[in-house]
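*Asks:* Return a 3D structure for these sequence lines:
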Amino acid sequence: QVQLVESGGGLVQAGGSLRLSCAASGRTFSGYIMAWFRQTPGKEREFVGAISWSGGRTYYADSVKGRFTISRDIAKNTVYLQMNSLKPEDTAVYLCAIRRGSITYYYTDYDYWGQGTQVTVSS
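*Replies:* Model prediction:
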C-alpha cells in the first residue's frame with residue numbers, strides 16, 4: 001500500500017520561505033515521477049514541479065521557476081519542495097503525487113496522492 005504524507009505547510013509573509021516534505025512508503029520508487037501540485041477552491045489541481053526518482057531530473061511550472069526547488073532523499077524516501085520568495089498567489093493546498101513512467105503535467109495521470117498541506121502567504 002503506497003502512502004504519501006506531506007508536512008511543512010503554514011503561514012508565511014510574502015517574500016518568505018517554506019520547505020514542504022513528502023514522505024513516501026509502500027514500495028520502491030525507481031522509475032517513478034514524484035510531483036507537487038497545488039489546489040485552491042474552485043480550481044483544478046495545478047502542476048508545480050516534479051522530480052524523477054531515479055535520475056533526479058527536475059521539472060517546474062513557469063509560475064514557480066527560479067523560486068521553488070524540488071529535491072529528493074532516496075535513503076529517506078522523501079521529496080522536498082523548497083519555496084522561496086513566496087507570493088500571496090502561492091497560497092494553496094499543496095499535494096504530492098506519484099506515477100510510474102514519464103513526466104506529465106496533468107493531475108489525472110497520477111496514481112497516488114497525499115492528503116495535502118496548507119500554505120498561506122500573507123501580503
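*Asks:* contacting residues for the spatially most central residue of the chain?
*Replies:* In the chain, the centroid-proximal residue (Cα atoms, centre = their mean) is W36; its distance is 2.3 Å. By Cβ atoms under 8 Å, 6 or more residues apart in numbering, the residues touching W36 are L20, C22, V48, G49, A50, I70, V79, L81, Y94, L95, C96, A97. To be clear about C-beta, it is placed using only N, CA and C from the backbone, and glycine gets the same treatment.
*Asks:* how about a cut-off of 10 Å?
*Replies:* 6, 20, 22, 46-51, 60-61, 64, 68, 70, 79-81, 83, 94-97, 114 (Cβ atoms under 10 Å, 6 or more residues apart in numbering).
*Asks:* With A14 instead?
*Replies:* S85, L86, K87, P88, E89, D90, V121, S122, S123.
*Asks:* out of these, who's nearest Q13?
*Replies:* S122 (5.4 Å; Cβ to Cβ).
*Asks:* any idea how far E89 is from W53?
*Replies:* Distance of W53 to E89, computed by Cβ to Cβ, to the nearest Å: 29 Å.
*Asks:* okay, the two: which has more neighbours?
*Replies:* W53 (21 against 11; other Cβ atoms under 10 Å).
*Asks:* Looking at pLDDT only, which of the contacts of A14 scores worst?
*Replies:* When the contacts of A14 are compared by pLDDT, S123 scores lowest at 94.
*Asks:* would you list every one of the strands in this structure?
*Replies:* Remark: strands assigned in the chain by DSSP state E are 3-7, 10-13, 18-25, 32-39, 46-52, 58-60, 68-73, 78-83, 92-100, 112-113, 117-122.
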